[in-house]
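**Student:** Need a 3D model of the following:
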Amino acid sequence: MTAISPSNPAPLLSAALREQVRRLERAHTAQRAGRSAVPLGIPEIDALLPEGGLLTGALHEIEAGPTPSGRIAPHDGAALGFAAHMLGRFETGTILWCRQPPVGIDALPYAPALSAWFDPARLLMVTARREEHLFWAMEEGLRTPGIAAVLGETRATDPTAGRRLSLAAEKSGVPALLLRAHPAPPQSICTTRWRVTSAPSPEVPGIEMLGAARWQVELRRNRFGLPSVEEMPAWLLEWNDETHHLAVVPQARDGSSGAIRRERLAG
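**Tutor:** Numbers count the residues shown, from 1 in each chain. The predicted structure is shown next:
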């Protein structure tokens, strides 16, 4: 075993070099795949993503985190809102939204709410009776000219479907998003994975009303960017109804760091 000491910095230098090589390899892989990046518009997050944004031609997953009671809702508003924010960053073309409604729930996403992120006239909804039909529709959408992005709401944990979507997205250059009510399978090869949960709104002094919507967002996988998998950054985000922008809540307003380092979790 080689000891680490001020007089023997070789192990530290070796670790730093390995990390630098890893970053260069990932950046080269992303460029070779012909992917571009679209900023999320949140500088603290974009700084960690490859090329400063969300890669097109890639698969991205958004997980709905547990509610305060510990239950995972089939349609979490925070996760859906974050997915809509991502979709809105792809500004040109049709947005294909594929879904399999839970049993007894046939309601469509609320168009006036979605208009905060993108023009609902761009939206093409596909309802599938079975999961395999949903994934088929997503793959066909990724191959269709004029599609800006494809989103699928799924409860499936089949890693094969995710690999097929990732390959189809890479070939077409169109981003694919999976909105999950349950954690993704360990074999998933998505480019990014996010866990999004609702957070308490701030109190408005002297006004008996809810403050701005807040979400807790964890970056649980970042295949081509930073940080390394041992680090798991999280942010408290707040939605501004006037500017229609998400922003990290400053430390002075919530009493904690804007980017929270959490212990590594499975998944």
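**Student:** Would you map the strands across the stretch 51-200 of the chain?
**Tutor:** 54-55, 59-64, 94-99, 123-127, 147-154, 176-180, 192-199 (DSSP state E, counting those that start in this stretch).
**Student:** Quick check: residue 57 touching residue 167?
**Tutor:** No: applying C-beta atoms under 8 Å, one finds residue 57 not in contact with residue 167, separated by 10.3 Å. Backbone N, C-alpha and C define where each C-beta goes, glycine included.
**Student:** Residue 81 is nearest to which of the strands of the stretch 51-200 of the chain?
**Tutor:** Among those, the nearest to residue 81 by C-beta to C-beta is strand 192-199 (7.9 Å).
**Student:** Which strands and helices lie in contact with the closest one?
**Tutor:** Packed against strand 192-199 by the contact rule (3 or more C-beta pairs under 8 Å, 6 or more residues apart in numbering; DSSP states H and E) you find strand 59-64, helix 77-89, strand 214-222.
**Student:** Could you say which of those is packed most deeply?
**Tutor:** The highest average neighbour count among those, using mean count of other C-beta atoms under 10 Å, belongs to strand 59-64 at a mean of 25.
**Student:** Reformat the helices and strands packed on strand 192-199 into a markdown table and put mean pLDDT and distance to residue 171 next to each item.
**Tutor:** Putting the helices and strands packed on strand 192-199 into a markdown table (pLDDT from 0 to 100; distance: least, C-beta to C-beta, whole Å) gives the following:
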| stretch | mean pLDDT | distance to residue 171 |
| --- | --- | --- |
| strand 59-64 | 94 | 12 |
| helix 77-89 | 93 | 20 |
| strand 214-222 | 93 | 21 |
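**Student:** Could you export those as a markdown table, including distance to residue 155?
**Tutor:** Shown next, in a markdown table, are those (distance: least, C-beta to C-beta, whole Å):
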| stretch | distance to residue 155 |
| --- | --- |
| strand 59-64 | 11 |
| helix 77-89 | 13 |
| strand 214-222 | 18 |
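**Student:** re earlier: the more surrounded of residue 57 and residue 167?
**Tutor:** Just comparing residue 57 and residue 167: by other C-beta atoms under 10 Å the higher neighbour count belongs to residue 57, 22 against 14.
**Student:** any idea how far that one is from residue 168?
**Tutor:** Residue 57 is 10 Å from residue 168, where distance means C-beta to C-beta, to the nearest Å.
**Student:** who touches both of residue 57 and residue 167?
**Tutor:** Counting by C-beta atoms under 8 Å, 6 or more residues apart in numbering, residue 57 and residue 167 have no contacts in common.
**Student:** quick one on the thing from earlier: can you lay out the strands of the stretch 51-200 of the chain as JSON lines showing distance to residue 217?
**Tutor:** Formatted as JSON lines, the strands of the stretch 51-200 of the chain follow (distance: least, C-beta to C-beta, whole Å):
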{"stretch": "strand 54-55", "distance to residue 217": "13"}
{"stretch": "strand 59-64", "distance to residue 217": "9"}
{"stretch": "strand 94-99", "distance to residue 217": "21"}
{"stretch": "strand 123-127", "distance to residue 217": "23"}
{"stretch": "strand 147-154", "distance to residue 217": "17"}
{"stretch": "strand 176-180", "distance to residue 217": "14"}
{"stretch": "strand 192-199", "distance to residue 217": "5"}
